[in-house]
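Participant: The sequence isn't on hand, but the structure is:
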């Protein structure tokens, strides 16, 4: 399995996107969380602070939330935050994206990259350049590398069978795509 992590830079600090609040749960301020991390047990611990990405009109703009507890209900994570004690307040946080500061000393596991590390890497098939990584799109079933080619964008499933190697040092993503995926792009 290949792990991809989203990141952004804010005031010179790299932040990691770890979740999105999707809907209020119950009456006591709980929120269901869509996780964007492979390590919720590490990121979602009591006392963890998250900066929020919300619309400019949100009362939460520029604020952080602190986790009191993460519980699992029917295999779905549900978060309880300090100062969010009722459903009405929780509903003001729906669709907020949760970010944490990256620990610069953190070592990534093999086959793990941040999105920003992949953008602009050279994409090669059999040693021949076919384009560059424009962005990484995240979907429930799998993530996609969007490869910019001279003939347009190609969406490549970001799975080990098709993307067997990523060499950050060399700046190269190696592909072994199925027939037809790059036919129009390489003509």
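Facilitator: Noted; the coordinates are in hand. The shown structure was predicted, so the numbers you read here are calculated from the model rather than taken from an experiment.

Participant: just checking, next helix/strand downstream of the helix or strand of the chain with the lowest mean pLDDT?
Facilitator: Of all the helices and strands that make up the chain, strand 3-10 has the lowest average by mean pLDDT, DSSP states H and E, namely a mean of 50. Using DSSP states H and E, the helix or strand that follows strand 3-10 in sequence is strand 13-25.

Participant: now for that next one, which elements pack on it?
Facilitator: Using 3 or more Cβ pairs under 8 Å, 6 or more residues apart in numbering; DSSP states H and E as the contact criterion, the elements in contact with strand 13-25 are strand 3-10, strand 30-35, strand 49-53, strand 76-81, helix 87-91, strand 97-101. Just so you know, the C-beta spots here come from the backbone N, C-alpha and C atoms, and that holds for glycine as well.

Participant: go with 6 Å
Facilitator: On a contact count with 3 or more Cβ pairs under 6 Å, 6 or more residues apart in numbering; DSSP states H and E, strand 13-25 meets strand 3-10, strand 30-35, helix 87-91, strand 97-101.

Participant: contacts for the second one?
Facilitator: Under the contact criterion Cβ atoms under 6 Å, 6 or more residues apart in numbering, strand 30-35 has outside partners 19-25, 76-80, 90.

Participant: ok, now with 7 Å
Facilitator: Contacting residues not belonging to strand 30-35 are listed as 19-25, 76-80, 90, 93 [Cβ atoms under 7 Å, 6 or more residues apart in numbering].
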